[in-house]
Each structure stands twice: as C-alpha cells, then as structure tokens.
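K.L.:
what would the 3D arrangement of this be:
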Amino acid sequence: MMEVIKWSANKMPKSGDQQLSVMALDEVQRARRFHQSFPQYAVTPLARLSRMAGHLGLKDVFVKDESYRFGLNAFKVLGGSFAMARYIAKELGKSVDEMSYDYLTSDQLKQEFGQATFFTATDGNHGRGVAWAANRLGQKAVVHMPKGSSKSRFDNIAREGGKVTIEEVNYDECVRIADAEAAETQRGVVVQDTAWDGYEEIPAWIMQGYGTMAMEAAEQLKSLGAARPTHIFAQAGVGSLAGAVVGFFHNLFPENSPKTIIMEAQAADCLYRGAVAGDGQLRTVDGDLQTIMAGLACGEPNTISWDILRNHASFFVSCPDWVAAKGMRMLSAPCKGDPQVVSGESGAVGMGLLATLMENAEYRELREAIGLDETSSVLLFSTEGDTDPQRYRDIVWNGADISV
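P.N.:
Just a heads-up that it's a prediction; the model follows:
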C-alpha cells in the first residue's frame, strides 16, 4: 500500500520574528555581489513549464534549475562559500564587501589570513560545495558523510581536495563529529547550515548565501511578467533553504507574501511534526532517516529557520519517497515544448507534490486549503541535478523500486 502524504496548516503562535532580518534584502544583495565576483558565476535557468501548468490546471509553473550552479550540479555552494567569506572577513576585521574572489585567492590574503580548516557534515551537495570553495580559496576542508551515503557523492567531494569520510551514524551525529573535531583543531571552523543555541552566526551567513538563488528567481519572474508567484514550494532538511526562501520572499513582498508550502521527506519530517504539535516548539526525528531524498535526511531543525517558518510558512507537508520519484520522472519527460529539468531526489519533490495535489482526488482537501487553481502561479526550486547518476537512472529510466 502506498504511503500517504501528510500535512498541517501553520497554526503555531507567532514569535517576536527576530530572525526575519537575517534575510533582509540588503543582506542578500551583499551575498549576491560576492557570488558575482566568481568567474564561475552565472544565473541558473528558470524553466517555465507553461504546458505542464495547463495540463495540471494552473496558470504558471516555474522551476529554478540549480543543476547548473558553478558546475557543481546543486545550489549548496552558495551558502558554504559566502559563510567562508564572512568568516575570513570577520577574522581580518574587514567587511564582506571587500571579500571578492580575486582577493580571497590572492597572495595578499595568504599573508594576511593564512589557512583555516573548515569542517562540515553532509549528505553530499553541501560538502562538495564546501570542499570546492575551500579548494578554490586555498583553505582546507574536512567532510563527514552519514551511513549509506552514495559513492558518487563521496567521490565528488574527494575530487575537490576535501578530506572525506563516511561514518556509521546519521547526518545529525555527523554534525556533532564535525563540531567536536573543529574544536580540537587549530583554526578549525564548522561550516554547517544546521543552527543550534550558541551556533547561529555561520548558519545565518549560509542562509544569506542561499538568498542569491531566491533573488535571481525573483528577478527572472519579473522579467517574464510574473513578478509575484502566488505559491512557493520549498523543500526542507534542517530547514535552512526553506527559511531562506520564505524569509527573502516575505521581505520582498511584506504586504502580500506568497503562500509557502514546506516539504520534507517523511522519514525526517521534524518541521511537520512541530507544525502538528502547534506550540511553536522544535521537534526532532532520530534513527537512520532512510529516504531517497538524501539531502533532506535531517532530523534536527535549524533554530533560525524554524523561527522564520513558524511565523511565515503557510503549510507543512510530509512526503513519502514516491512523491520525489514522481517529480523526477515528470521533470525529465516534460510536456512537449516545455524545457527538461534534470532533477535529483531532493530537487524534484515539489513537482511530484504539486502534480499529485492537482491530479489526485484523495488530496482535494489539501489542494483547496492551499488554494491551487487556474489562477495560481507556482515557483519550485530544483535544488540538485543527478548528483547520484546511477540512482537517478534507476528511478527515471528503469522505474526502480524507490525503497532505500
């Protein structure tokens, strides 16, 4: 029997909204300028799936395709690279506005700053981004991956010069390993988008880095005459991406913010559980967190993002693996005339959920609660391409059994 999609409207009490300012437009613009200084920088495509929208009974569907980001097949490098720049700037007593790619790769920086070791835990994409950025900027990277991580993602990190291991524990335990090792290492720094009490500065910088993607999407929508989406679907692991997207768009449209739907892998649906509890307090999920959505297999929420989401997210949805697999297949074989999007397991869950809500009478209540109809303009984020090529082909080409 197919597992069902679970959902909860956001009925949590509001907090003082202290964290919304993390995603202030001027802060995101600073991150954008930093990324623009990289020779590898290019705006990633916003795929307009007009025929898919018509097929599903929607006005518009847009997919931000992060498979083109810096040649790394995923958006994560935006966060890790900007956090490194802000850390180095702080250590030197300078503004991050002075931290261009040319300066960070210069002999002057080596003399002024030297070298630090950046520690992180990852299911693949974030660690690759940290290792890539460290490699380009003449720094060191140590990356820990959880049990069951794919060899192709491990190899991608190793190719970037990072010291990488696969541990016999889950993602959240890998975070603790990275944190402990950094504390024992001279000039050791944790670069993690998981925030906890006492570790919130770097995760906030990472979220601002993710804002580059959201700002690009907003500009692209405007250029296409669709400036404000009515609905945004954002996937969540610890919630940093989701909080960044929701925070950015609420700051951009403070009086008329789009409805935001936060999606998690059902095996690691900590944010959804918090929404169900309804008291505004964090909930966690432990265990192996087995899901094909490796990038979303995180059971402990980012405290900064949680505060943004409890105040501004509209719905929280817990998605079984088949939802992501459905989205992967649909994006890979679009309606004739629409662009193809190569989207991995963690990138495609939005397409799978959107299509299921529009086509399946079983989820009519959720569709109507969200307010999806022929007037809806929907923005999705495909946060990764085929970062595990064999798994991608097994699912998309071979219709593989999607159990982990």
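
K.L.:
what mean pLDDT does stretch 366-378 get?
P.N.:
In this model, stretch 366-378 has a mean pLDDT of 98.

K.L.:
could you export that stretch as PDB, CA atoms only?
P.N.:
Provided in PDB are the C-alpha atoms of stretch 366-378 (Å, rounded to 0.1, in the frame of the first residue of the first chain):
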ATOM      1  CA  LEU A 366      -5.100  20.000   0.800                       C
ATOM      2  CA  ARG A 367      -5.300  21.400  -2.700                       C
ATOM      3  CA  GLU A 368      -8.300  23.600  -1.700                       C
ATOM      4  CA  ALA A 369      -6.700  24.600   1.600                       C
ATOM      5  CA  ILE A 370      -3.600  25.800  -0.200                       C
ATOM      6  CA  GLY A 371      -5.800  27.500  -2.900                       C
ATOM      7  CA  LEU A 372      -4.300  25.900  -6.000                       C
ATOM      8  CA  ASP A 373      -6.400  26.600  -9.100                       C
ATOM      9  CA  GLU A 374      -6.300  28.100 -12.600                       C
ATOM     10  CA  THR A 375      -5.200  31.400 -11.200                       C
ATOM     11  CA  SER A 376      -2.100  30.000  -9.400                       C
ATOM     12  CA  SER A 377       1.400  30.900 -10.400                       C
ATOM     13  CA  VAL A 378       3.700  28.400  -8.700                       C
END
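
K.L.:
what residues sit buried inside that stretch?
P.N.:
Within stretch 366-378, the residues that count as buried by 16 or more other Cβ atoms under 10 Å are 366-367, 370, 372, 376-378. Using the backbone N, CA and C atoms, a C-beta is placed for each residue, glycine as well.

K.L.:
how about those in CSV, adding secondary structure and distance to Ala9?
P.N.:
Listed next are these as CSV, based on DSSP: H, G, I helix; E, B strand; the rest coil; distance: Cβ to Cβ, whole Å:
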residue, secondary structure, distance to Ala9
Leu366, helix, 9
Arg367, helix, 13
Ile370, helix, 9
Leu372, coil, 14
Ser376, coil, 17
Ser377, strand, 21
Val378, strand, 18
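
K.L.:
including distance to Ser223, could those residues go into JSON lines?
P.N.:
JSON lines is the format used below for these (distance: Cβ to Cβ, whole Å):
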{"residue": "Leu366", "distance to Ser223": "32"}
{"residue": "Arg367", "distance to Ser223": "29"}
{"residue": "Ile370", "distance to Ser223": "26"}
{"residue": "Leu372", "distance to Ser223": "24"}
{"residue": "Ser376", "distance to Ser223": "20"}
{"residue": "Ser377", "distance to Ser223": "14"}
{"residue": "Val378", "distance to Ser223": "18"}
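
K.L.:
from these, pick the one nearest Ala134.
P.N.:
Minimum distance to Ala134 across these is 36.2 Å, recorded for Val378 (Cβ to Cβ).

K.L.:
bridging across strands, which residues link to the closest one?
P.N.:
Beta-bridge pairing for Val378 (DSSP bridges): Val61, His231.

K.L.:
I'd assumed Leu357 was in contact with it.
P.N.:
No: using Cβ atoms under 8 Å, Val378 makes no contact with Leu357, being 10.2 Å away.

K.L.:
span of stretch 241-260 from start to end?
P.N.:
13 Å (Cα to Cα, to the nearest Å).

K.L.:
now it, how far from the centre of its chain.
P.N.:
Put simply, stretch 241-260 sits 15 Å off its chain's centre (Cα atoms, centre = their mean, to the nearest Å).

K.L.:
okay, buried residues for that stretch please.
P.N.:
241-252, 257-260.

K.L.:
among those, name the ones in strands.
P.N.:
Under the assignment DSSP state E, those contribute 259-260 to strands.

K.L.:
output the contacting helices and strands for the lengthiest helix in the chain.
P.N.:
Using DSSP state H to define each element, the chain has its longest helix at helix 201-223. Helix 201-223 sits against helix 25-36, strand 46-48, strand 60-65, helix 77-92, helix 240-252, helix 303-312, strand 377-382, with contacts defined as 3 or more Cβ pairs under 8 Å, 6 or more residues apart in numbering; DSSP states H and E.

K.L.:
apply 7 Å and report the result again.
P.N.:
helix 25-36, strand 60-65, helix 77-92, helix 240-252, helix 303-312 (3 or more Cβ pairs under 7 Å, 6 or more residues apart in numbering; DSSP states H and E).

K.L.:
re earlier: what is the nearest of the buried residues of stretch 241-260 to Arg48?
P.N.:
Pro258 (16.9 Å).

K.L.:
can you give me the pLDDT of that closest one?
P.N.:
98.

K.L.:
that one is in contact with Phe249, isn't it?
P.N.:
Yes: Pro258 lies in contact with Phe249 (Cβ atoms under 7 Å); the separation is 5.8 Å.

K.L.:
what touches both of the two?
P.N.:
Taking Cβ atoms under 7 Å, 6 or more residues apart in numbering as the criterion, Pro258 and Phe249 both touch Ile232.

K.L.:
grab the nearest non-local neighbour of Gly239.
P.N.:
Closest residue in space to Gly239, ignoring its immediate chain neighbours: Ser305 at 3.7 Å, by Cβ to Cβ, 6 or more residues apart in numbering.

K.L.:
show me what contacts the one you found?
P.N.:
Ser305 touches 207, 238-240, 242-243, counting by Cβ under 7 Å, 6+ apart.

K.L.:
try it again at 10 Å.
P.N.:
Shown in contact with Ser305 (Cβ atoms under 10 Å, 6 or more residues apart in numbering): 19, 22-23, 193-195, 203-204, 207, 236, 238-247, 262, 271, 313.

K.L.:
cool, Lys151 as well?
P.N.:
The contact partners of Lys151, by Cβ under 10 Å, 6+ apart, come to 166, 388, 390.

K.L.:
next, count neighbours for the first one.
P.N.:
Read that as Ile166. By other Cβ atoms under 10 Å, 17 other residues sit near Ile166.

K.L.:
check the last one too.
P.N.:
Counted with other Cβ under 10 Å, the burial measure for Gln390 works out to 12 neighbours.

K.L.:
okay, and which of the contacts of Lys151 map to helices?
P.N.:
Those of the contacts of Lys151 mapping onto helices are Gln390, per DSSP H.

K.L.:
this completes my enquiry, with thanks.
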